[in-house]
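Student: below: sequence and its predicted model.
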Protein chains: 2
Amino acid sequence: MTKDHEPFHFLFNPRSVAVIGASANPLKMGHQCLLSLQGSAFPGPLYPIHPREKEILGMRAYPSLNHVPDEVDLAMMVAPAEEVIPALQACQKKGVRGAVIITAGFKEAEGPGGRKIQEDMAALANRAGIKIIGPNTFGMVNVHGRLNASFTPIFSRLKPGPISVLSQSGGVSHLIAYQAIDEGVGLGKVVGLGNRCNVEFSDLLPFLGEDGQTKSIILFIEGVDHPRALVAAVRDVVARKPVVAMKAGRSAASLNAARSHTGTMAGRFEVYEASLKQAGAIVVRDPSELLDVAKILALLPPPSGRGVAVMSLQAGPGILLTDAVVRHGLRMAAFSSRTQEKLNRLLPPLTIRTNPVDMAFARNEESFEGTVKLILEDEDVDALIIFLLHHPFMTPRRIAPAVLSQRQLSGKPILLCANSPRGLIEEEIAELEEQGIPVYSLPERAVRSLSALVEYGESRRKSKGEGQMIGMGRK
Amino acid sequence: MTKDHEPFHFLFNPRSVAVIGASANPLKMGHQCLLSLQGSAFPGPLYPIHPREKEILGMRAYPSLNHVPDEVDLAMMVAPAEEVIPALQACQKKGVRGAVIITAGFKEAEGPGGRKIQEDMAALANRAGIKIIGPNTFGMVNVHGRLNASFTPIFSRLKPGPISVLSQSGGVSHLIAYQAIDEGVGLGKVVGLGNRCNVEFSDLLPFLGEDGQTKSIILFIEGVDHPRALVAAVRDVVARKPVVAMKAGRSAASLNAARSHTGTMAGRFEVYEASLKQAGAIVVRDPSELLDVAKILALLPPPSGRGVAVMSLQAGPGILLTDAVVRHGLRMAAFSSRTQEKLNRLLPPLTIRTNPVDMAFARNEESFEGTVKLILEDEDVDALIIFLLHHPFMTPRRIAPAVLSQRQLSGKPILLCANSPRGLIEEEIAELEEQGIPVYSLPERAVRSLSALVEYGESRRKSKGEGQMIGMGRK
């Protein structure tokens, strides 16, 4: 950890947390925050701050931060807007290192009052060395650290994993985290940046770049004051870790037209997207793609080309996958005549032995593994997608040994597209993903994710090529 | 029921079912079919046919169809290909009305042998008055009739509802049915047409058009011998019920290129899509859209225009919905100055009171219902989408009374976009959908579905307009 990152280390890994504005009333945010911290089994002490209550949710409460007998590293604030500055002063006095300010009604509010308070907050926090997440945020979660510092107790269900999220929208953070909970995808840090009082995308990106628990990063951007700093931070971090980004407000032009405004915002949207892409981020346009793409980026190295092979046990889904491969600018690999001859010998006549391969009538383990092996050995194949429909005879676990041993031999990326009603194969999917085989439920999602991985690889190769050329020029 | 439809009535509503090729071995399809029939609690008698077994799964087995003491309306066949013709002859003798032939290896097999057998099957079945689903199919389900005549026992989990499915791909039928099971969407008839021996899309479409339990129809088409008959049948049924269709094999050109074939298939894809659309079907390009679109078509009448209002409790998702509205060719409604003045009086300053409306800081029932009322009263608003993120304070049930009473008053379509981890609001969603409020988990899915509903309305109005003009010309 470099010295620059020390304050963020304390923010995400506090030894203790106080909640200023804690409440015994379950309908209050100050109560939900305590439930979140408890529910995530935070390992350090928790200090509810309340003027009168002696105990909340079985925890001893204190009338002020000053009354807490031990050190407090992180303060969560759900107090009214007018109490935030005094609370920050109390934090400074207590030596607090980080704050999560849920309270809203500052810079985003109408009139200059809120903006002024927020500037004062930032100045105070900067003097005190306090890093603030927010204000106007749902909070943040460090899943590995068992710290659910948010007003959403259900985030305590998140399982630890390699994907971190920086989002300006609390709503979109929830969409991503709920998807991760449902699909068993592990997350690292999930941060609602809110009004970005003194912590910006460009502050946290370098920290996540060095964070050993983060392998890929999701950005959801509404708009920042200094887009160049954001883009520069993305460019730096992408050299170490992949980033998938989305900018909201594409149709701002239409919005603004409806509101009789000018169309300048729309231009900014295009500029954001182009700059982020040029900096090496994968740019997506639908929020549900963010987690899918971040998952493949965290689990797989990029393939060396665009040639895709498809294997299925039903013809229909094989055709869907093929359509998606072409639609996303990838290419169906053309098997060499040598591969084709071997496949023709291995598989019975009722199977489709060209790409996409439909194994319909050859459902035994030996011919399955033999087919995977032959396909991966073909020089035109850069990646393999296997489609599996849940049936009592056919589950991911049955094909896992063949897939894993052949992946080991070839090193080429393999994805599984496995569709099933809920509650049947989740555990088997988790096992495969732990072994580095990403699993998607639908053809479109699998291929979209693979195309992002290809794009990331091409972008890195181009960037390295340019780097080498610059290096050569300097000799 | 017209006379033409009587044979199909018996096919989907048999009084009894025999399984030819029944098996006591759980790894055999003939066993899975029995599990399906039992699991769906089929109300009539079931007759496993097996040369030696006396009893399978607690049911008395018979050595041949001829030994069954009572009438048999439907026969499921999982016997080897060479035994299918003799089995059909036995069906003819027994007076069987319908058959589901799961057995594969006919027309789709290499060489002319399979095609010949299938032609013989069709001739025999036509003489005997037997309607055949298949061969080479997973089977079919009549959910309302508690008839799971498929090799997939889990289809017995389907709940009855207004959407029927005709699919040439068993794999895609499974994708749709599994999605329906997970999302609690009710289905009517689900038919895997397979090789379409003597029952085609164009035979079943008129039947579904008159079927009182079907309100919208999903078609998944790989390719038919007589596309004009298909298109004519779609045109006829669309006058009574909406149809959503997808044609597979879009990238046939690329496929064929890889296989050094000509590009004729690709042209046929475009022709299929254009003809289906012209006939009045909603054409989609991703299989996951089929169920979403069929649901809205079954639940809602089309709005009278393209003006959409969006309401949310978080700014981010409101922006996502707005982006999606514009992307799908709909239009964000511009509130009249009268609506705007009333909204400004009703909602506090911290809310966004233009379209999309963000109620963030006005989360009480009165201002929520008042806002819904004002929006629906605006003349430029043709439909309303409400976004709701699950939180302990905010669930679909809490807003349901306001939404339902205002929908009652205005008659304009309302959609809910409700996002939550699984297992929390499924029951509340089902309640709302029963009341005619379709619910989608993601902004993209909600808006895509609404745009299909708008397209259906415009297509019907255009078609009726043309009909009236023809009528006028005849005077």
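Tutor: Ah, there it is. Numbering: from 1, shown residues only, chains lettered A, B, ... in the order given.

Student: only C-alpha atoms from now on, for both contacts and neighbour counts.
Tutor: Noted.

Student: name the helix or strand of chain A that has the lowest mean pLDDT.
Tutor: The element with the least model confidence among the helices and strands of chain A, by mean pLDDT, DSSP states H and E, is helix A:252-258, at a mean of 45.

Student: in chain A, which helix is the longest?
Tutor: If you go by DSSP state H, chain A has its longest helix at helix A:443-474.

Student: that one packs against which elements?
Tutor: strand A:282-283, helix A:287-299, helix A:315-327, strand A:414-419 (3 or more CA pairs under 8 Å, 6 or more residues apart in numbering or on different chains; DSSP states H and E).

Student: and stretch A:190-197, average pLDDT?
Tutor: Averaged over stretch A:190-197, pLDDT sits at 94.

Student: near chain B at all, it?
Tutor: No. Applying CA under 8 Å from any CA of the partner chain, one finds stretch A:190-197 separated from chain B by no less than 11.1 Å.

Student: what lies in contact with that stretch?
Tutor: Stretch A:190-197 has contacts (CA atoms under 8 Å, 6 or more residues apart in numbering or on different chains) with A:107-108, A:118-119, A:121-122, A:132-143, A:164-170, A:173, A:199-201.

Student: using ChimeraX, define a selection of the buried residues within these.
Tutor: To isolate the buried ones among the contacts of stretch A:190-197 in ChimeraX, judged by 16 or more other CA atoms under 10 Å in any protein chain shown, type:
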select /A:107,108,118,121,122,132,133,134,135,136,137,138,139,140,141,142,143,164,165,166,167,168,169,170,173,199,200,201
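
Student: so which of the contacts of stretch A:190-197 are in helices?
Tutor: Counting by DSSP H, the contacts of stretch A:190-197 place A:118-119, A:121-122, A:170, A:173, A:201 in helices.

Student: with those residues in mind, which one is nearest to B:Ile399?
Tutor: Among those, A:Gly170 lies closest to B:Ile399 (CA to CA), at 20.9 Å.

Student: from A:Ile176, how far off is that closest one?
Tutor: Look at A:Gly170 and A:Ile176: by CA to CA, to the nearest Å, they are 10 Å apart.

Student: and for A:Gly30?
Tutor: In terms of CA to CA, A:Gly30 sits 23 Å off from A:Ile176.

Student: give me the more crowded residue out of those two.
Tutor: Using other CA atoms under 10 Å in any protein chain shown, the more surrounded residue of A:Gly30 and A:Ile176 is A:Gly30, with 26 against 22.

Student: quick one: that one is in a helix?
Tutor: Yes. The assignment for A:Gly30 is a helix, going by DSSP: H, G, I helix; E, B strand; the rest coil.

Student: next one: phi and psi at the spatially closest residue to it that is not a sequence neighbour?
Tutor: In this structure, A:Gly30 finds its nearest non-sequential neighbour in A:Ala22, 4.2 Å apart by CA to CA, 6 or more residues apart in numbering or on different chains. Backbone torsions of A:Ala22, given as degrees, to the nearest 10, read phi -60, psi 150.

Student: A:Leu300 too?
Tutor: When read as degrees, to the nearest 10, the backbone of A:Leu300 gives phi -120, psi 140.

Student: pLDDT score assigned to it?
Tutor: A:Leu300 is assigned 97 on the pLDDT scale.

Student: what do you get for A:Leu350?
Tutor: On pLDDT, A:Leu350 comes in at 67.

Student: considering only the contacts of stretch A:190-197, which also neighbour chain B?
Tutor: A:169-170.

Student: residues in contact with stretch A:379-398?
Tutor: By CA under 8 Å, 6+ apart, the list of residues contacting stretch A:379-398 from outside reads A:303-313, A:317-318, A:333-336, A:375-376, A:412-421, A:425, A:428-429, A:443, A:446, B:27, B:152, B:171, B:174.

Student: try it again at 7 Å.
Tutor: With contact meaning CA atoms under 7 Å, 6 or more residues apart in numbering or on different chains, stretch A:379-398 is reached by A:303-313, A:333-335, A:375, A:412-420, A:428-429, B:27.

Student: out of those, which end up buried?
Tutor: The neighbour count (16+ other CA under 10 Å) marks A:303, A:305-313, A:333-335, A:375, A:412-420, A:429 as buried among the contacts of stretch A:379-398.

Student: just the CA trace of stretch A:275-293, in CSV.
Tutor: Taking C-alpha atoms only, stretch A:275-293 is exported to CSV below (Å, rounded to 0.1, in the frame of the first residue of the first chain):
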residue,chain,number,x,y,z
SER,A,275,-12.9,9.1,-24.2
LEU,A,276,-13.6,6.2,-21.9
LYS,A,277,-13.3,3.8,-24.8
GLN,A,278,-10.0,5.4,-25.9
ALA,A,279,-8.7,5.2,-22.4
GLY,A,280,-9.2,1.4,-22.6
ALA,A,281,-12.5,0.9,-20.8
ILE,A,282,-15.1,-1.4,-22.1
VAL,A,283,-18.2,0.8,-22.6
VAL,A,284,-21.7,-0.8,-22.3
ARG,A,285,-25.1,0.8,-22.8
ASP,A,286,-27.3,-1.3,-20.6
PRO,A,287,-26.8,-1.6,-16.9
SER,A,288,-27.4,-5.3,-16.8
GLU,A,289,-24.3,-5.8,-19.0
LEU,A,290,-22.0,-4.3,-16.4
LEU,A,291,-21.9,-7.3,-14.1
ASP,A,292,-21.8,-9.8,-16.9
VAL,A,293,-18.8,-8.2,-18.5
